Each structure stands twice: as C-alpha cells, then as structure tokens.
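Enquirer: just to be clear, the model below is a prediction. Sequence and coordinates:
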Amino acid sequence: MAARLKPDEELVDAAYVSVDHVLTAAQHGIKLTGPLPPDSGWQARDPDAFDIRNFTIDWDHRHVTCPDGKQSRYWRETHSRDQLPIIQVTFRLPDCTPCPDRARCTRSERNARAMTFRPREQFEAQQHIRADQATDSWKEHYALRAGVEGTMAQESSHCDVHRARYRGLARTHLQHVLTATALNLVRTDAWLSGIPPAGAWTSRLTRLHGTLTAAM
Ligand code: SF4
C-alpha cells in the first residue's frame, strides 16, 4: 500500500465490466478482465438473424452496408439515457420493405431496419472483448477468480470486514491483515477437516457427516 503499486490486471465480475471501464482502466495501464454483457438484441440470439456483426460500418463516410448490400440513409451521433455516446442508424424503407431477408433483420411490420451502436473505439473494443471471452483460453484465465466471491462472503459474514473498527487508514489496514490471517486459519482448518468451501451448498446431512468424520 505504501508503495502505491497498481495491479497489471484485475479480474472482476460482470457488475464491474463495461467497455468504457475497460478502456479507462487501460489508460491507467490496468487490464480489466471480466465478462462483458452480450449484445442484447434478438438478432444476436438467433443464429439465422442479422446482428451487427453481419453489417459493414464505414466510419469515415458515416454509413453502414447491410448483408443485402444496401446502404443506410441516416446516421445520428447522440447519447443514451445513461449519457453514453451512441450512434443510431436507419436503413431505407424502399430497400427493406421488399427485401427477401427482412424477417432475419427486423420484426417491425412498418419500419426499416434500425440499429444503435457505440462509437468506433468502444465498438471495436466491444467486438474484440466479446470474441476473446468466447475462447477457452479466456475462460481458463478467468477461472483464476473462482472462489473469491465465497471468500469475500465469508469475510463479510464471519469477520464483519465491511465495517472498520478503528479510525485511520493504518489501523484499518492492520484490521484487514489480521482478518485475512484469521480467515486463512479458519479455511485451512476447514480444508483439513474436509468441510467444503463457503458458498457451496450442502445438505444438513452432508454437513453432519463432515462434522462427525472430523471428530473421529
Ligand atoms: S431488411 Fe433492409 S437492412 Fe435488412 S438485409 Fe434487407 S435491405 Fe438490408
């Protein structure tokens, strides 16, 4: 803590991951790794449908070309309800109405295909992260985080670690070091006694069996 060293990488759960967080962390030299939410559009969940990956974005000329070769007519740079920069694109109704692929593209009965996506830097990072997190090597690496939620839940429920008992950073740091040491002893004892790690649900009968076996 005194050396103010920052981590090279942080493995976090989905609640802490957005493409903006990843890019901001990268500016500070930190790789933020965690599952980025998938594309929420129905087209991304239907393997026969056209999601954003089937379209070609021309960032310089500000238009999008669809899988049918048609070009968008409307490109608007605006902000989402969360004030994040977004781009809204719409295609032409005379192109989409007679299109043989319409059912794969839009569920609207009257409107042309429309889509919303992030500006180039965020969009490309998003696509890269989503492709990366589908690989076995990413899953294997992220598995390093397995069990840490159980450890933190145990610290919170058994050691009240969310509450600082003393004033001042140095004393609070000491409290955390002692808590971690005590928890290591508790977990080592549980491991030697064959008691499953916190977080894994077990029936009362299994817990009783574990206790009796440890006592023998
Ligand atoms: S519905 Fe419109 S955007 Fe979709 S493939 Fe057809 S012409 Fe292209």
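Expert: Perfect, I can see it now.
Enquirer: contacting residues for residue 62?
Expert: residue 75 (CB atoms under 8 Å, 6 or more residues apart in numbering). (C-beta placed from N, C-alpha, C; glycine too.)
Enquirer: swap that for residue 90, please
Expert: Residue 90 neighbours (CB under 8 Å, 6+ apart): 72, 73, 74, 112, 113, 114.
Enquirer: show me which of those neighbour the ligand.
Expert: Subset of the contacts of residue 90 in contact with the ligand: 112, 113, counting by CB under 6 Å from any ligand atom.
Enquirer: low-confidence ranges, the protein, go.
Expert: Scanning the chain for pLDDT under 70 picks out the ranges 1-2, 197-204, 206-216.
Enquirer: that one against the ligand: which residues are in contact?
Expert: Checking the chain against the ligand by CB under 6 Å from any ligand atom, the hits are 50, 66-68, 70, 91, 95-96, 99, 101-102, 105-106, 112-113.
Enquirer: on that earlier part again, who wins on neighbours among the contacts of residue 90?
Expert: Neighbour counts for the contacts of residue 90 (other CB atoms under 10 Å) peak at residue 113, which has 25 neighbours.
Enquirer: for that residue, give me phi and psi.
Expert: Residue 113 adopts backbone torsions of phi -60, psi 130, taken as degrees, to the nearest 10.
Enquirer: buried subset of the residues of the chain next to the ligand?
Expert: 50, 66, 68, 70, 91, 95-96, 99, 101-102, 105-106, 112-113 (16 or more other CB atoms under 10 Å).
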